[in-house]
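Engineer: need coordinates for the following:
(chains A and B)
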Amino acid sequence: MGAFTQWFNERAPGLGAVYKKHMTEYYAPKNFNVMYYFGSLAMLVLVNQIVTGIFLAMFYTPTAAGAFDSVQYIMRDVNWGWLVRYMHTTGASMFFIVIYLHMFRGLMYGSFKKPRELVWLIGMLIFLVLMAEAFMGYVLPWGNMSFWGAKVIITLFSAVPWFGHTLVTWIMGTFVPGDPTLNRFFALHVVALPLVLLLLVVLHLGALHEVGSNNPDGVEIKKHKNPKGIPLDGIAFHPYYTLKDLVGVGVFLIICAVIIFFAPSVGGFFLEHDNSIPANDLVTPATIKPVWYFSPFYAILRMIPSKGLGVLALAASIVALFLVPWLDRGGVKSIRYRGLGYKIALAIFAIVFFLLGCIGADLTPGWIVSIFGPNADITTIENLFGRILVILYFAFFVFLWVYTFFGFERTRPVPERVTTHA
Amino acid sequence: MHDKTFRASMRTLTVLLALLVAFAAAPAALAEEGGYPNVNVNVHDKASLQRGARLFMNYCVGCHSLKYMRYSQMAEGLGLTEQQVMDNLNFTGVKFGEPIVSAMPEADAEKWLGKAPPDLSLEVSARGADWVAAYLKSFYLDPSTASGWNNTVFPNVAMPFPLWQLQGEQVAVMSPPANGEPATIKELKLAQPGSMTPAQYDRAVRDLTAFLTYVSSPDELVRSSMGAWVVLYLVFFTLFALVLKKEYWKDVH
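Structural biologist: Numbers count the residues shown, from 1 in each chain, chains lettered A, B, ... in the order given. From the prediction side, this is the model:
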């Protein structure tokens, strides 16, 4: 033991133990596949958002008069400002790509099931806070889509009975999004929500490391241990998974670099064209739509004809995800050994989520015209298609409960030990 | 076991490469958005940018500002010296480090034209290069408007057509009204040729659009060349990480 390590351990004996518990003596199943990269990648993006965000905050002005100009100042006059901002904007979208894949992994391999319900719940809270964080960050550049997006989304709260309209004014701090809105969103975006996110990430990992990681076979590696108490199918997180994740980080960064350097707006998906126009309460954009990562949920809102019910459905679509550990009563975790019904239902759910996203991103009118001709009744066809998708979205959760509660699922035998490693 | 590992990593790699290609191809696929013909600007063609800047300073800056672009920045982006810019491209007499702002007072502009001419710093980011090029080619004579000009891409636009001497005068050819519906514009016809041939005018519009594309995101000049090196570095980084990972994972059975 080096002199420094000894000096350190004498003064803070607990820290070494914490490091061991979570790194060198945290035993993860050896059969993680490609779906298991997204947790560590989400942490990487979080760090990227915090570091680039600090530099952006040094030059950004949170006022209605100065915000748009200050973003252009960052893009043109601040040394490397364009790179830092593109890293931040690309990071925001990549965060959601990574998180959606991470959540899908959980559904594939039953990572939400006993004993990991708490891990799933904390993860869902992270998702919720991340949505708030992303929404507020999107408002800050104060482009025209920022303004109208803020107005539309905040106004959703007017659907709350009795004090809805008061609530909207309370959130905005004024009657039309303006200086007070921008100031509080800036405070929440750079101080409050990042702190909450960091705390939740610590709890998410803490809850996970208490029960141990699930794996593509959905077997509990702690059932078979060697005499030293180490799971037979487990390997130390460090160095094995730190190095494996480093490879994932490399591939992920290549994708990010291609976007940042060659197509930072990704055709208007990561950075919307209408946000190149300064906020203007007199000029409404042709279509008001949120950024792509909200579009599946936005489509659910739009497809319901009543505003109150639409907001309720929007809320329900997220609450349903929270409830998955209790809706799914099946005893088998991994999709590898689950019944055919679950495999089909999950595939349909993923496709439905994607198609709802296409509706929310306003891609469907173009498709409808190319399929049904220029005289097609776009609204009717889109509503019909969209409402079927909304029903299918919720049907997944109903099916999940019926299928597992009444014992319709025919599972395959689950192996005692993990089967593959790659 | 090794074979299995290899196949799994190849599969992983294929999936990730497919994702990468999808991401790179998405903007290209969406480039046709709006249905305007592809104008194919090249912001790395300095001569094109310089010609576009000259057109802008001769025909546009009288009314439109580029308030987020400084003359000094433009000189750097276009590969020009301070002397060249101050002599040939700065007609408002402001200092080299100042932003490119129109000399026309906004209040007067609103009185004369009904609407203050918008700043064009981010026009291409907002509307796309194809839109800008199509717009500049779609003016036609229309006695019913205040300026005498109208535009098929931006109907009833307040702006008169400053490039008419170059393109000439287009008129609208109407399609005959069918079953009670109002007549629509079928195409625009060049009634009075300008000082440029249609091919020359197309090139002038491409130059002007290229210049405005550069002004919208000046970072584009350095971004792609820098990006190639970053990606190359990351590819090597990933390969080294892969070798290191394989070395450590040798004892996992």
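
Engineer: and the spatially closest residue to A:Phe394 that is not a sequence neighbour, what pLDDT?
Structural biologist: Spatial nearest neighbour of A:Phe394, chain neighbours left out: A:Ala320 (6.9 Å); criterion: C-beta to C-beta, 6 or more residues apart in numbering or on different chains. C-beta coordinates here come from the backbone N, C-alpha and C atoms, glycine included. For A:Ala320, the pLDDT comes out at 98.

Engineer: what sits against A:Ala320?
Structural biologist: For A:Ala320, the contact set (C-beta atoms under 8 Å, 6 or more residues apart in numbering or on different chains) comprises A:327, A:394, A:397.

Engineer: just the element for it, please.
Structural biologist: helix A:307-322 (DSSP states H and E).

Engineer: buried residues in that helix, which are they?
Structural biologist: Buried positions in helix A:307-322, judged by neighbour count with 16 or more other C-beta atoms under 10 Å in any protein chain shown: A:310-311, A:313-314, A:316-317, A:320-322.

Engineer: what of stretch A:39-56?
Structural biologist: Here stretch A:39-56 shows A:39-42, A:44-46, A:48-49, A:52-53, A:55-56 as buried, counting by 16+ other C-beta under 10 Å.

Engineer: what is the end-to-end distance of stretch A:186-201?
Structural biologist: Stretch A:186-201 has an end-to-end distance of 22 Å (C-alpha to C-alpha, to the nearest Å).

Engineer: buried residues, it. List them.
Structural biologist: Going by 16+ other C-beta under 10 Å, stretch A:186-201 has these buried residues: A:186, A:188-190, A:193-194, A:196-197, A:200-201.

Engineer: ok, stretch A:160-171 next?
Structural biologist: Buried-residue list, stretch A:160-171, by 16+ other C-beta under 10 Å: A:168, A:171.

Engineer: if we look at it, which residues are touching it?
Structural biologist: Everything outside stretch A:160-171 that qualifies as a contact, by C-beta under 8 Å, 6+ apart, is A:154-155, A:157-158, A:175, A:181.

Engineer: go again using 7 Å as the cut-off
Structural biologist: A:154-155, A:157-158, A:175 (C-beta atoms under 7 Å, 6 or more residues apart in numbering or on different chains).

Engineer: out of these, who's the most crowded?
Structural biologist: A:Ile154 (20 neighbours; other C-beta atoms under 10 Å in any protein chain shown).

Engineer: confirm that residue sits in a helix?
Structural biologist: Yes - with DSSP: H, G, I helix; E, B strand; the rest coil as the criterion, A:Ile154 is part of a helix.

Engineer: A:Val352 reaches A:Ile391, doesn't it?
Structural biologist: No - taking C-beta atoms under 7 Å as the definition, A:Val352 is not a contact partner of A:Ile391, at 9.3 Å.

Engineer: neighbour-wise, which of these two wins?
Structural biologist: Neighbour totals were compared for A:Val352 and A:Ile391, and A:Val352 leads with 20 against 12 (other C-beta under 10 Å).

Engineer: quickly note the distance from that one to A:Tyr393.
Structural biologist: Distance, A:Val352 to A:Tyr393, using C-beta to C-beta, to the nearest Å: 5 Å.

Engineer: assign a three-state SS to B:Lys67, would you?
Structural biologist: strand.

Engineer: if I pick it, what's in contact with it?
Structural biologist: Per C-beta under 7 Å, 6+ apart, neighbours of B:Lys67: B:99, B:101, B:119, B:121.

Engineer: the spatially closest residue to A:Asn275 that is not a sequence neighbour: how many residues sit nearby?
Structural biologist: By the measure of C-beta to C-beta, 6+ apart, the closest residue to A:Asn275 outside its immediate chain neighbours is A:Gly143, 3.1 Å from it. Here the number of neighbours of A:Gly143 (other C-beta under 10 Å) works out to 28.

Engineer: can you read off the pLDDT for B:Met104?
Structural biologist: pLDDT, B:Met104: 84.

Engineer: ignore what I typed, I meant B:Thr92.
Structural biologist: Per the predicted model, pLDDT is 85 at B:Thr92.

Engineer: so it is in contact with B:Ala103, correct?
Structural biologist: Yes - using C-beta under 7 Å, B:Thr92 makes contact with B:Ala103 at a distance of 4.8 Å.

Engineer: those two: who's more crowded?
Structural biologist: The residue with more neighbours, out of B:Thr92 and B:Ala103, is B:Thr92; 15 against 12, by other C-beta under 10 Å.

Engineer: returning to that earlier point: next, give me the two most distant ones among the contacts of stretch A:160-171.
Structural biologist: A:Phe157 and A:Phe175 (13.9 Å; C-beta to C-beta).

Engineer: so where's the chain shaky on pLDDT?
Structural biologist: No chain specified, so I'll use chain A. Across chain A, the ranges flagged by pLDDT under 70 are A:1, A:421-422.

Engineer: not quite, go with chain B.
Structural biologist: B:1-34, B:180.

Engineer: 90 instead, please
Structural biologist: B:1-35, B:91-93, B:103-116, B:146-147, B:158, B:174-187, B:251, B:253 (pLDDT under 90).

Engineer: find the closest residue to chain A in it.
Structural biologist: B:Gly227 (2.4 Å; C-beta to the nearest C-beta).

Engineer: what's the local residue count around that residue?
Structural biologist: B:Gly227: 17 neighbours (other C-beta under 10 Å).

Engineer: that one against A:Cys256, yeah?
Structural biologist: No - in this structure B:Gly227 lies outside contact range of A:Cys256 using C-beta under 7 Å: 10.9 Å.

Engineer: host element of A:Asn183?
Structural biologist: Short version, using DSSP H and E: A:Asn183 is in helix A:179-187.

Engineer: which secondary structure elements does that helix contact?
Structural biologist: Helices and strands touching helix A:179-187, by 3 or more C-beta pairs under 7 Å, 6 or more residues apart in numbering or on different chains; DSSP states H and E: there are none.

Engineer: which SS state does the residue lying closest to B:Pro117 once chain neighbours are set aside fall under?
Structural biologist: Of all residues not flanking B:Pro117 in the chain, B:Cys63 sits nearest, at 4.1 Å (C-beta to C-beta, 6+ apart). Classification of B:Cys63 by three-state DSSP places it in coil.

Engineer: quick check: phi and psi on B:Cys63?
Structural biologist: phi -120, psi -40 (degrees, to the nearest 10).

Engineer: could you double-check that it lies in contact with B:Ala109?
Structural biologist: Yes - B:Cys63 lies in contact with B:Ala109 (C-beta under 7 Å); the separation is 6.4 Å.

Engineer: any common contacting residues for these two?
Structural biologist: B:Pro117.

Engineer: turn the buried residues of stretch A:39-56 into JSON lines, including secondary structure and distance to A:Ala67.
Structural biologist: JSON lines is the format used below for the buried residues of stretch A:39-56 (DSSP: H, G, I helix; E, B strand; the rest coil; distance: C-beta to C-beta, whole Å):
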{"residue": "A:Gly39", "secondary structure": "helix", "distance to A:Ala67": "34"}
{"residue": "A:Ser40", "secondary structure": "helix", "distance to A:Ala67": "34"}
{"residue": "A:Leu41", "secondary structure": "helix", "distance to A:Ala67": "30"}
{"residue": "A:Ala42", "secondary structure": "helix", "distance to A:Ala67": "28"}
{"residue": "A:Leu44", "secondary structure": "helix", "distance to A:Ala67": "28"}
{"residue": "A:Val45", "secondary structure": "helix", "distance to A:Ala67": "24"}
{"residue": "A:Leu46", "secondary structure": "helix", "distance to A:Ala67": "24"}
{"residue": "A:Asn48", "secondary structure": "helix", "distance to A:Ala67": "22"}
{"residue": "A:Gln49", "secondary structure": "helix", "distance to A:Ala67": "19"}
{"residue": "A:Thr52", "secondary structure": "helix", "distance to A:Ala67": "17"}
{"residue": "A:Gly53", "secondary structure": "helix", "distance to A:Ala67": "15"}
{"residue": "A:Phe55", "secondary structure": "helix", "distance to A:Ala67": "16"}
{"residue": "A:Leu56", "secondary structure": "helix", "distance to A:Ala67": "12"}
